[in-house]
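Asks: fold the following and give me the result.
(2 chains)
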Amino acid sequence: DQQVKQNSPSLSVQEGRISILNCDYTNSMFDYFLWYKKYPAEGPTFLISISSIKDKNEDGRFTVFLNKSAKHLSLHIVPSQPGDSAVYFCAASAEGTASKLTFGTGTRLQVTL
Amino acid sequence: GAVVSQHPSRVICKSGTSVKIECRSLDFQATTMFWYRQFPKKSLMLMATSNEGSKATYEQGVEKDKFLINHASLTLSTLTVTSAHPEDSSFYICSALGQQNTEAFFGQGTRLTVV
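Replies: Here you go, the predicted model:
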């Protein structure tokens, strides 16, 4: 039972353009969401998070949007850079914190020149 | 962000032996750490929550006698895979909850291969 879903396994975007990565969840108890970036054979690196009391959080080139009614969140990266090429995971918690995360299946982003 | 170090990064062991994986928070104290496992082309799955000074809490379906967790100090949690079998081969990753609980910092992961 995949409670956090990333339906696009891969995404290719040109450098300088916007990358939009999507994530859907089914568990209405989730109240804290995070995005991680991961390179092969490495642990995930934290990017940005959002609490369910907000619908948007921005940090530099990264913005996360949360639509609670649709149980959907998205990560926007603008402008995209070649160094952004990696696998992106969204994660959710029902603890209101970064505890006990449930991860999505990941989206591989490739930023081309 | 805070640094979490996991060791070893890669280990090969024989069936029936035990393997210990260490997870250290280098520049902060972590009362709570987590152990995840990633199967090939799958997402990270939470195995257990490691609490300093108390017993770990295991997720459903995870054998606590097979995956022993010890969190003896505020900077170190260990995962011991006991009597390893080839099906235990996987990528194991730990994380530590940041002091404000709003971030979880991950180690580099350990690739375990049981032959």
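
Asks: wait, is B:Phe91 part of a strand?
Replies: Yes: secondary structure assignment places B:Phe91 in a strand (DSSP: H, G, I helix; E, B strand; the rest coil).

Asks: hang on, it packs against B:Lys42?
Replies: No: at 9.8 Å, B:Phe91 does not count as touching B:Lys42 under the criterion of Cβ atoms under 8 Å. C-beta: built from backbone N, CA, C; applies to glycine.

Asks: does stretch B:41-58 reach chain A?
Replies: Yes: Stretch B:41-58 reaches chain A (Cβ under 8 Å from any Cβ of the partner chain) through B:Lys42, B:Ser43, B:Leu44, B:Met45, B:Leu46, B:Thr49.

Asks: residue contacts, the closest residue in space to the last one that isn't next to it in sequence?
Replies: Looking back up the chat, that one is B:Thr49. In this structure, B:Thr49 finds its nearest non-sequential neighbour in B:Thr57, 4.4 Å apart by Cβ to Cβ, 6 or more residues apart in numbering or on different chains. For B:Thr57, the contact set (Cβ atoms under 8 Å, 6 or more residues apart in numbering or on different chains) comprises B:Ala48, B:Thr49, B:Asn51.

Asks: top of these by neighbour count?
Replies: Neighbour counts for the contacts of B:Thr57 peak at B:Ala48, which has 23 neighbours (criterion: other Cβ atoms under 10 Å in any protein chain shown).

Asks: any idea how far A:Thr97 is from A:Leu21?
Replies: Using Cβ to Cβ, to the nearest Å, A:Thr97 is found at 23 Å from A:Leu21.

Asks: look at those two and report which has more neighbours.
Replies: Neighbour count, other Cβ under 10 Å: between A:Thr97 and A:Leu21, A:Leu21 has more, with 23 against 20.

Asks: any idea how many residues pack against the residue nearest to that one when sequence neighbours are not counted?
Replies: In space, and not counting its chain neighbours, A:Leu21 is closest to A:Leu75: 4.5 Å by Cβ to Cβ, 6+ apart. Counted by other Cβ under 10 Å, the residues lying close to A:Leu75 total 23.

Asks: and for the one 4 residues further on?
Replies: Number of residues near A:Pro79 (other Cβ under 10 Å) recorded here: 14.

Asks: what sits against it?
Replies: Going by Cβ under 8 Å, 6+ apart, A:Pro79 touches A:Glu15, A:Gly16, A:Arg17, A:Ile18, A:Arg61.

Asks: just the buried ones from those residues?
Replies: Those of the contacts of A:Pro79 that meet the buried threshold are A:Arg61, by 16 or more other Cβ atoms under 10 Å in any protein chain shown.

Asks: of the contacts of A:Pro79, which is the nearest to B:Gly98?
Replies: Nearest to B:Gly98 among these: A:Arg61, at 21.9 Å, using Cβ to Cβ.

Asks: just the pLDDT for that closest one.
Replies: Looking at A:Arg61, its pLDDT is 98.

Asks: again, but for B:Gly1
Replies: Here the pLDDT value assigned to B:Gly1 is 63.

Asks: same check, this time on the one 5 residues further on
Replies: Reading off the per-residue confidence, B:Gln6 sits at a pLDDT of 96.

Asks: centre-most residue in chain B?
Replies: The C-alpha lying nearest the average C-alpha coordinate of chain B belongs to B:Trp35 (Cα atoms, centre = their mean; 3.7 Å).

Asks: where does the most far-flung residue of chain B relative to its centre land in three-state SS?
Replies: Distance to the chain centre peaks in chain B at B:Gln100, reaching 21.1 Å (criterion: Cα atoms, centre = their mean). With three-state DSSP as the basis, B:Gln100 sits in coil.
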